[in-house]
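Colleague: coords please:
(chains A, B, C and D)
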Number of protein chains: 4
Amino acid sequence: MIGVGIIGLGYWGPNLLRNFADADGARVTAICDLRDDRLAAAAARHPGVATMRDVGELLAHPAVDAVAIATPVSTHADIAMRALQAGKHVLVEKPMAASSVDARRLIDEAARRKRVLMVDHTFVYTGAVQKIAALVSSGELGNIYYYDSVRVNLGLFQHDVNVIWDLAVHDLSIMDYVLRARPLAVSATGVSHVSGGHENIAYLTLFFDRQLIAHMHVNWLAPVKIRRTLIGGSQRMIVYDDLEPSEKIKVYDKGITVNSQPDSVYQMLVGYRAGDMSAPHLPGTEALKTEVAHFVDCIARGAEPLTGGASGLRVVQIVEAASASMAARGRPIEIDPVTGAMRP
Amino acid sequence: MIGVGIIGLGYWGPNLLRNFADADGARVTAICDLRDDRLAAAAARHPGVATMRDVGELLAHPAVDAVAIATPVSTHADIAMRALQAGKHVLVEKPMAASSVDARRLIDEAARRKRVLMVDHTFVYTGAVQKIAALVSSGELGNIYYYDSVRVNLGLFQHDVNVIWDLAVHDLSIMDYVLRARPLAVSATGVSHVSGGHENIAYLTLFFDRQLIAHMHVNWLAPVKIRRTLIGGSQRMIVYDDLEPSEKIKVYDKGITVNSQPDSVYQMLVGYRAGDMSAPHLPGTEALKTEVAHFVDCIARGAEPLTGGASGLRVVQIVEAASASMAARGRPIEIDPVTGAMRP
Amino acid sequence: MIGVGIIGLGYWGPNLLRNFADADGARVTAICDLRDDRLAAAAARHPGVATMRDVGELLAHPAVDAVAIATPVSTHADIAMRALQAGKHVLVEKPMAASSVDARRLIDEAARRKRVLMVDHTFVYTGAVQKIAALVSSGELGNIYYYDSVRVNLGLFQHDVNVIWDLAVHDLSIMDYVLRARPLAVSATGVSHVSGGHENIAYLTLFFDRQLIAHMHVNWLAPVKIRRTLIGGSQRMIVYDDLEPSEKIKVYDKGITVNSQPDSVYQMLVGYRAGDMSAPHLPGTEALKTEVAHFVDCIARGAEPLTGGASGLRVVQIVEAASASMAARGRPIEIDPVTGAMRP
Amino acid sequence: MIGVGIIGLGYWGPNLLRNFADADGARVTAICDLRDDRLAAAAARHPGVATMRDVGELLAHPAVDAVAIATPVSTHADIAMRALQAGKHVLVEKPMAASSVDARRLIDEAARRKRVLMVDHTFVYTGAVQKIAALVSSGELGNIYYYDSVRVNLGLFQHDVNVIWDLAVHDLSIMDYVLRARPLAVSATGVSHVSGGHENIAYLTLFFDRQLIAHMHVNWLAPVKIRRTLIGGSQRMIVYDDLEPSEKIKVYDKGITVNSQPDSVYQMLVGYRAGDMSAPHLPGTEALKTEVAHFVDCIARGAEPLTGGASGLRVVQIVEAASASMAARGRPIEIDPVTGAMRP
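Modeller: Numbers count the residues shown, from 1 in each chain, chains lettered A, B, ... in the order given. Here you go, the predicted structure:
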């Protein structure tokens, strides 16, 4: 039975708390937040859990084997590092850290300490993303041509990071998992509509090897909520709409066929192919429940998580490159294919 | 009664033919196409119209006062120039010309000849775009923050131009009409999935003065058809979905209020405001009917059309800049605010 | 080459005219309407067609082998009878006649004259309904449990018939074709909101053998347009939404399994089964084109149409029974399973 | 501070428990269920609450001033009566009782004991229904012409009651609240697809004074979930879609105008009017929270609830009449306008 400490009980922490409390093989032994009202509310629902305002105290607690960190982004790296140094396994909310330097340090420390370091890329654990990844890796879609996502709504401007760090991280982590490919360059644009604030609307283009392109549109200031991803392949194409209650994924047997000897003046010899659409049935399990079980299982088995430190780092690296590009109005930033680092 | 010649009876020409045939104050006197079957089909429905395979013959026809040109993009400028030089009024399909140099020449020639030169930016004449333009110019939306459009579907790859020249021209002409502002720089990205072909998927960001940003996503290789534009203002926001049969425009009384003295660590003092949504009733008149009537009226009154040569040129200039940026993977291209020309 | 005369050029007649004009094996030789403006407009598009105001004149025309009748319902039977008596093949708009007595006489006359009598149940010839019928008859849905349709919108109040005669006839003809079963009883309710008018909103329940039930909701006074049919089977269920541009039919692999020995106090041992959904690709051919070709083919082969007089009669019989039930606020009216006649 | 006992912790009870636990002016003092596992789970989240398996024990508990009953329908009346006789205020889940006789007894007992008797018609307390009721009572819709609801999905077959008792009760309670009118007759149809089971699909028509008609479609065996109500008025019409996340109510400024002197043979002089649509902003408060606060407030003020015993009785009376009609395949059952009782 793994003892888990929850650090941070703001927006996301209570979800972690609830799922760890219900998880097999784990129990929540301690919770930590700066605000007494949050601690009191959580303690009322989880009697017997130790409460504390100081992270150090939680890390020193003998019944804490692992921690789940749901604090502001700027504090992720420091708290995760202290936890690893104290010998704890770590599940840290996305984004993993506020810089790739910090992310890399965490990876090294976890390796040194032989501790599980997992990033809370929640969407990866949804039935929808698992299904998409399976469809892509099976080759059913053919060659992947593009990955296009839109994640917009009205709400929750973050004060310490731009909208890429907040919303695009979801799409980048999904894309990283589904495509299993690294971008070679990034061009991003965006603007802030709040004086002195970070960008609240942003567009990212990611260039990959060959013909694959990815694009993300994130926006905190949209009148409607949209969560839609199009994935185009040479054989099939997917529409993934996370707001659909029951048919989140639609697979279209559609595409083009190209004749290599175009001889028409007005139009290439492109043929259009349209077949059936199907929406696979998806399990309804809460993603965080699956994720927490996976974390517990990785600890028990000493295994590397699906969304380990390496995936967290890859996402942070892209966000850094995108932010640099955005500051230069879309100037493309090249990324080292091996290290993931921006090229000067 | 203005005699009209229709040049080109491919995809769009028959629509021009039908609308000019029904228009008050005009009659179709001649039609021209390289293909006899198209001429025969059109003549069967419009008995009494002269048919010919040669543009020069049509331009020399005594009963032709004006022409509507619906030929491939690469021929627009040449045919339009010959028509103007022959003293005809000209309605030319979008995009106005394949280069801004050509577009400018047409404007000059039309001015010299005192002829009406109008570009077929059809969407400008829809009830929806007219309503949006009225809402924006009335100030009801407040300051415009962003203009974001998506125009994707599976179909009709063009062989002589990239997807920006084909699809984004619609959005650029709508934006040009609605915002009445010129971009200062463009960053665009895209890729071709057809060997040796032009880009079939593209993303454009347009930077304007102050906080206004525009973005367009166009794609010939999407599994579903999307025609959606979001326009965000400081007071209200619009969702314009051209595929909605009856509620194409929704106006949201939503937005944010920003407190200038942020003092929270975790979140800016941004307030979220949500009020009613309304969908104004729109007239159902076919846009092309309105447009054709406007063209006839401009000829009669010697007036400048809503979508005259100047707007056609502005759109072509942006497309040129976007294509240049796309070739450089998003490198921002600056645009001269006065002339609209790319800066070196 | 069959010569066709079109009788009635109001709302639907021009569509018949256009499709017969384009049909292989047929040509439109004469058209007839009481209004000169309609005749003139049609003649302008179809030069060479004889025009006339009198039906008798059209029926006497030597180049008329068959007629398509698109006049008000109350005149269907008389005109169709005169046409049959004049030896013409007949395609008559739905509903076939204003009474089952009239419908039966037409069937008898057509049989006696050996002429094709076909009812314009247009929806039967759509790709969607053809697909649904194939799915049902293949047994893929299992036992059919229910057929539920909604057909509502704002518009076109008829002055001579209630909404069942106008809108429900579409659903009854689809149902008749798909289920290939006759109802044993009908209960219908409705009301008129126009002083002195016929019912503009109505609900029909049809009882069949065993567990099958059908229901239709028709309404001329709805704020939105809905065209949706649910068909529930023991193995699969269909949602048919005629307003969907491309995915009109969705087939759900969903259902229940029932344990025969319920032992729970609170809930039966009903298991819920949910699998994939699929939307078969449908051909985009205009239904009326298919239908007209079928009519021409039946004449050529001397064959009975898919929607011959018998199906037209069955639909009229149900409408009569439903109208009688509606007048008695839902009192069930039994139908003779052999003759289809109402039982006293 | 009112002490509340929760009776029944199956599907709905935990929601009552949670809301009473959070309510101002109330606290949960005791909970009761036959199953120990449910009691244990609830107690873990609500430490300090007394748990018991026997209703009598709960009713005898000194700290219980009021009870919330969420047990099977067949037990509602008995438990509620015992609670009233023990001097408790009662909130009973819908439907209020399994018969109108029982419902009436509860009303009498509550009056005699001067206790609050409230029925958990939850939807009445939603922002959407409150808004609809306000629109109707303000006269903004004009005369109400029809009320049409569809409530279908796959799931939760009840073993002790038919689908009217389960699903239509929601619509009947909403309709009762919104229209403030009593039906004069009911015609209902339905069928069971489970051997020996109650009807799982049903259709109800309610006849009112003058031109008003209501209809409800309920179904436990539908492939998709639909929760849509159309309300047609002479001035405006409402579409209420409970599954819409943010625009649950749309008000259409649409309708007809009727000329009283019809003189056209083919069509009445009905004019069609189409104006703007608007979707009022609705508060997001959980309905049950509002309802629980209202119950507590009614107890404190000795006031009659919005959904008191009288509304519960009216709903049960309609369900009884509908079930009787359904057993007779739609035969209309008249209802006494004063007592609400079925007429023989």
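
Colleague: as a check, name the ranges of all helices in chain A.
Modeller: Listed in chain order, the helices of chain A (DSSP state H) span A:13-22, A:36-45, A:55-60, A:73-85, A:100-113, A:127-137, A:163, A:169-179, A:287-301, A:309-327.

Colleague: ok, and what's touching the fourth one?
Modeller: Identification of contacts with helix A:73-85 by C-beta atoms under 8 Å, 6 or more residues apart in numbering or on different chains yields A:7, A:55-56, A:59, A:67, A:69, A:71, A:90, A:92-93, A:95-99, A:102-103, A:105-106, A:109-110, A:113, A:115, A:117, A:158, A:160-161, A:165. In this view, the C-beta of every residue, glycine as well, is placed from N, C-alpha and C.

Colleague: let's see it at 6 Å
Modeller: A:55, A:59, A:67, A:69, A:90, A:92, A:97-98, A:102, A:106, A:109-110, A:113, A:115, A:160-161 (C-beta atoms under 6 Å, 6 or more residues apart in numbering or on different chains).

Colleague: of the helices of chain A, which shows the lowest average pLDDT?
Modeller: Mean pLDDT values for the helices of chain A show the minimum at helix A:36-45, a mean of 91.

Colleague: close to chain B, is that one?
Modeller: No - Helix A:36-45 lies apart from chain B when judged by C-beta under 6 Å from any C-beta of the partner chain; the minimum separation is 12.1 Å.

Colleague: orientation of the longest strand seen in chain A relative to helix A:169-179 in degrees?
Modeller: Counting residues, the longest strand in chain A under DSSP state E turns out to be strand A:221-233. Calculated by axes from the mean of the first three to the mean of the last three C-alpha atoms, to 10 degrees, strand A:221-233 forms an angle of 10 degrees with helix A:169-179.

Colleague: now strand A:221-233: buried residues?
Modeller: Using 16 or more other C-beta atoms under 10 Å in any protein chain shown as the test for burial, strand A:221-233 gives A:Leu221, A:Ala222, A:Pro223, A:Val224, A:Ile226, A:Arg227, A:Arg228, A:Thr229, A:Leu230, A:Ile231, A:Gly232, A:Gly233.

Colleague: before we move on, what about stretch A:78-89?
Modeller: Under the neighbour-count criterion of 16+ other C-beta under 10 Å, stretch A:78-89 has A:Ile79, A:Ala80, A:Met81, A:Arg82, A:Ala83, A:Leu84, A:Ala86, A:Lys88, A:His89 buried.

Colleague: cool, stretch A:287-307 as well?
Modeller: Within stretch A:287-307, the residues that count as buried by 16+ other C-beta under 10 Å are A:287-296, A:298-299, A:305-307.

Colleague: give me the subset of those residues that also touch chain D.
Modeller: Checking the buried residues of stretch A:287-307 against chain D (C-beta under 6 Å from any C-beta), there are no matches.

Colleague: tally of neighbours for the residue of the stretch 101-250 of chain A found nearest chain B?
Modeller: At 2.9 Å from chain B, A:Ser187 is the closest residue in the stretch 101-250 of chain A, using C-beta to the nearest C-beta. For A:Ser187, the neighbour count with other C-beta atoms under 10 Å in any protein chain shown is 32.

Colleague: contacts only, for it.
Modeller: The contact partners of A:Ser187, by C-beta under 6 Å, 6+ apart, come to A:Thr205, A:Ser325, A:Gly330, A:Pro332, B:Thr189, B:Arg329, B:Gly330.

Colleague: contacting residues around the first one?
Modeller: I take that to be A:Thr205. Applying C-beta under 6 Å, 6+ apart to A:Thr205 gives the contacts A:Ser187, A:His215, B:Thr189, B:Tyr203.

Colleague: beta partners of it?
Modeller: Partner residues in beta bridges with A:Thr205, using DSSP bridges, are A:Ser187, A:His215.

Colleague: if I look at the nearest residue to A:His89 once chain neighbours are set aside, what pLDDT would I see?
Modeller: Here the nearest residue to A:His89 in space, its sequence neighbours aside, is A:Ala66; by C-beta to C-beta, 6 or more residues apart in numbering or on different chains that works out to 3.8 Å. Reported pLDDT at A:Ala66 in the predicted model: 98.

Colleague: would you agree A:Ala66 is in contact with A:Leu91?
Modeller: No - using C-beta atoms under 6 Å, A:Ala66 is not in contact with A:Leu91, being 7.0 Å away.

Colleague: tell me which of those two has more neighbours.
Modeller: Ranked by neighbour count (other C-beta under 10 Å), A:Ala66 and A:Leu91 place A:Leu91 first, with 30 against 23.

Colleague: ok, that one touching A:Ile69?
Modeller: No - between A:Leu91 and A:Ile69 there is no contact under C-beta under 6 Å: 7.0 Å.

Colleague: tell me how many other residues surround the closest residue to A:Arg180 other than its chain neighbours.
Modeller: Take A:Arg180 and drop its neighbours on the chain: the residue closest to it by C-beta to C-beta, 6+ apart is A:Ser137, 7.4 Å away. Neighbourhood size, A:Ser137 [other C-beta under 10 Å]: 12.

Colleague: contact partners of stretch A:318-338?
Modeller: Here stretch A:318-338 makes contact (C-beta under 6 Å, 6+ apart) with A:100, A:164-165, A:172, A:183-190, A:204, A:342-343, B:187, B:329-332.

Colleague: repeat that for stretch A:295-310.
Modeller: A:2, A:23, A:25-26, A:89, A:91, A:106-107, A:110, A:116-119, A:121, A:124.

Colleague: could you export that stretch as CSV, CA atoms only?
Modeller: The C-alpha coordinates for stretch A:295-310 follow below in CSV (Å, rounded to 0.1, in the frame of the first residue of the first chain):
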residue,chain,number,x,y,z
PHE,A,295,1.2,5.7,-11.5
VAL,A,296,0.7,3.2,-8.7
ASP,A,297,1.4,0.3,-11.0
CYS,A,298,4.7,1.9,-12.3
ILE,A,299,5.8,2.4,-8.7
ALA,A,300,5.0,-1.2,-7.8
ARG,A,301,6.8,-2.5,-11.0
GLY,A,302,9.6,0.0,-11.1
ALA,A,303,8.4,0.8,-14.6
GLU,A,304,8.6,3.9,-16.8
PRO,A,305,5.2,5.6,-17.1
LEU,A,306,3.5,6.4,-20.5
THR,A,307,3.9,10.0,-19.6
GLY,A,308,7.2,10.0,-17.9
GLY,A,309,9.7,12.8,-17.5
ALA,A,310,10.9,12.4,-21.0
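
Colleague: get me the contact residues on the stretch 1-150 of chain A for chain B.
Modeller: Within reach of chain B by C-beta under 6 Å from any C-beta, the stretch 1-150 of chain A has these residues: A:Pro72, A:Tyr145, A:Tyr146.

Colleague: could you export these as JSON lines, including neighbour count and pLDDT?
Modeller: JSON lines is the format used below for the residues of the stretch 1-150 of chain A next to chain B (neighbours: other C-beta atoms under 10 Å in any protein chain shown; pLDDT from 0 to 100):
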{"residue": "A:Pro72", "neighbour count": "18", "pLDDT": "93"}
{"residue": "A:Tyr145", "neighbour count": "24", "pLDDT": "97"}
{"residue": "A:Tyr146", "neighbour count": "23", "pLDDT": "98"}
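
Colleague: out of the residues you listed, which sit inside strands?
Modeller: The strands, defined by DSSP E, take in A:Tyr145, A:Tyr146 from those.

Colleague: domains for chain A, by residue range?
Modeller: As recorded under automatic domain parsing, the domains making up chain A are A:2-120, A:124-286+A:317-334.
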